[in-house]
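# 3D model of this:
(one chain, ligands or ions: 2)
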Amino acid sequence: MASFRVKGGLKLKGEIIPQGAKNEALQVICAVLLSPEDITIDKIPDIRDVNKLIELLSDMGVTVRKNGPESYTFNAAAIDLDFLETQDFLDKASALRGSVMILGPLLARFGTGKLSKPGGDKIGRRRMDTHFTGFQKLGATFRYDKKKEIYHIDGSDLRGCYMLLDEASVTGTANIIMAAVMAKGKTTIYNAACEPYIQQLCGMLNRMGAKISGVGSNLLQIEGVGYLAGTTHTLLPDMIEIGSFIGLAAMTQSEITIKQVQADKLGIIPEIFRRMGIKLDIIGDDIHVPSQKHYEIETFIDGSILTIADAIWPGFTPDLLSIVLVTATQAKGTVLVHQKMFESRLFFVDKLIDMGAQIILCDPHRATVIGLDRKYPLRGIRMTSPDIRAGVALLIAAMSAEGTSVIDNVEQIDRGYQFIDKRLNALGASIERID
Ligand SMILES: CC(=O)N[C@H]1[C@@H](OP(=O)(O)OP(=O)(O)OC[C@H]2O[C@@H](n3ccc(=O)[nH]c3=O)[C@H](O)[C@@H]2O)O[C@H](CO)[C@@H](O)[C@@H]1O
Ligand SMILES: C=C(OP(=O)(O)O)C(=O)O
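Residues are numbered from 1 along each chain as shown. Ligands and ions are numbered 1, 2, ... in the order given. The predicted model follows:
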């Protein structure tokens, strides 16, 4: 297990370019399975989860050509379905959450799919009912081997239908879209997730010849087509990384320009950080965060304590709540952070409390943060990164703290943040990787 040794209290300065979006990468890389033609994807981040997915597809018979540091061409003309029967496949697929999205394309193109329980963060129950109910509505049969924890789906004659999803699951919607694009007839998906990741996936599929309308809304209409061709696609900048850099700049009193952010695709993210009193300017395609000694959390109009809660898009993404929470520890004022979606994602506040933060964990979903307004700096300690976003929140805390911290299990951070130590060191941080 690797660790970071972080010297705190340093101010950063400079420009940083966000990586391509992790969660979009996982969707569109799975979508290459839908076509026998070449698909080129640019801005692919060099992170653990994405690399593991590319390796899995390669083992399945997809030819993978690296055109440059962030560009790959995939060709899924010859898929080895026998590989799905091996333990190697099951082990590799269960190493990440995104692998679940190979099921929709496999079902669409080959009429069959199999998967072990996917991995990803241990942040609470992560049910997959929406995925399988959607496949079943399209006519597939579904079997779950409880003992081996393996999901099987079969269905060579998928037919479009109307479906109302019981929850707007992000990966579930992506999976159902990919299963439906080549089904016979028309599929209507209501209560679809509509994150930018999904919008990007639909855009790519439409360029491949799919007929998806309603993109960006929660009502998608899909007219099935017989064949999908090759295409090229560029990932959006990672909005979670952008939000993490805003929080990092505020906490460390750094002046950072986040380049090429495509601000029109960030939804409510900049506004939420502004409500925390953080000054940020959108200049052209960049976000400039000036060095700020103080930032004051707003109250609601009636003067009551601000709540920041997650919600499905276009609400605030749950993946940035840990960053909001840590950033609030040095703000002036109080905020209630309400993590509605996941029940085990706030437990990392224990470590922040050990560092000197004033936080009350009200219950597994809610934490009240009383900002210190920099009257006392956090203290460096040794801690373990429990999940990807808490890991980065702890890194931000350590960078702002007095003294040195050690963060263990940084593989969690490496899942989704490309060369984070090197990129932040280039701006003046002191993060040493200890293997
Ligand atoms: C690989 C990937 O893309 N992972 C993302 C994806 O995970 P993933 O697609 O696994 O998450 P889902 O959207 O399925 O669900 C997330 C959680 O929210 C709950 N839920 C969801 C929708 C809803 O209407 N009501 C509700 O309560 C689910 O029960 C679950 O506990 O979306 C999550 C929610 O944005 C993000 O945190 C993950 O980073
Ligand atoms: C929870 C996340 O990832 P995953 O779904 O891969 O666990 C995340 O990206 O914040």
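
# Could you find the closest non-adjacent residue to Thr130?
Gly172 (3.6 Å; CB to CB, 6 or more residues apart in numbering). Quick note: C-beta positions are derived from backbone N, CA and C, even for glycine.

# Equivalent analysis for Ile272, please.
Phe316 (5.4 Å).

# ditto for Ile176
Using CB to CB, 6+ apart and skipping residues adjacent in sequence, the residue nearest Ile176 is Gly134, 3.6 Å away.

# and if you look at Pro386?
Closest residue to Pro386 apart from its sequence neighbours, by CB to CB, 6+ apart: Phe348 at 5.4 Å.

# Dihedrals phi and psi, the one you found?
Phe348 adopts backbone torsions of phi -70, psi -10, taken as degrees, to the nearest 10.

# for it, what are its contacts?
By CB atoms under 8 Å, 6 or more residues apart in numbering, Phe348 lies in contact with Ser322, Pro386, Asp387, Ala390, Ala393, Leu394.

# ok so, going back, tell me who's in contact with the residue nearest to Thr130.
Met128, Thr130, His131, Gly134, Leu165, Ala193.

# now the end-to-end length of stretch 257-276.
19 Å (CA to CA, to the nearest Å).

# So is that stretch next to ligand 2?
No - using CB under 6 Å from any ligand atom, stretch 257-276 stays clear of ligand 2, with a minimum separation of 13.9 Å.

# is ligand 1 contacted by that stretch?
No - contact of stretch 257-276 with ligand 1 (CB under 6 Å from any ligand atom) is absent, the minimum separation being 12.0 Å.

# swap in stretch 119-127?
Yes - judged by CB under 6 Å from any ligand atom, stretch 119-127 comes into contact with ligand 1 at Gly124, Arg126, Arg127.

# of those, closest to Asp91?
Asp91 lies nearest to Arg126 out of the residues of stretch 119-127 next to ligand 1, by CB to CB, at 18.9 Å.

# and the residue nearest in space to the middle of the chain, helix, strand or coil?
Compute the mean C-alpha point of the chain, and by CA atoms, centre = their mean the closest residue is Asn23, 4.2 Å away. Classification of Asn23 using DSSP: H, G, I helix; E, B strand; the rest coil returns helix.

# How much space separates it from Ile359?
27 Å (CB to CB, to the nearest Å).

# same question, Ser71
43 Å.

# So which of these two has more stuff around it?
When Ser71 and Ile359 are compared for neighbours, Ile359 comes out ahead with 19 against 15, by other CB atoms under 10 Å.

# Tell me who's in contact with the more buried one.
Taking CB under 8 Å, 6+ apart, one finds Leu325, Thr329, Val349, Leu352, Ile353, Ala367, Thr368, Val369, Ile370 in contact with Ile359.

# Work out for me the element it sits within.
strand 358-363 (DSSP states H and E).

# which parts of the stretch 1-150 of the chain sit against ligand 2?
Counting by CB under 6 Å from any ligand atom, the stretch 1-150 of the chain comes close to ligand 2 at Lys22, Asn23, Asp49, Arg97, Gly120, Asp121.

# mind listing what the closest residue to Gly14 other than its chain neighbours touches?
Nearest residue to Gly14 in three dimensions, chain neighbours excluded: Leu427, at 4.4 Å (CB to CB, 6+ apart). Counting by CB under 8 Å, 6+ apart, Leu427 touches Leu12, Lys13, Gly14, Ile16, Ser254, Ile256.

# what's the closest of the residues you listed to ligand 1?
Ile16 (21.3 Å; CB to the nearest ligand atom).

# Okay, and the beta partners of the closest one?
Ile16 has these beta-bridge partners by DSSP bridges: Ile258.

# I'd assumed the residue nearest to Ile176 was in a helix, is it?
Yes - counting by three-state DSSP, Gly134 is part of a helix.
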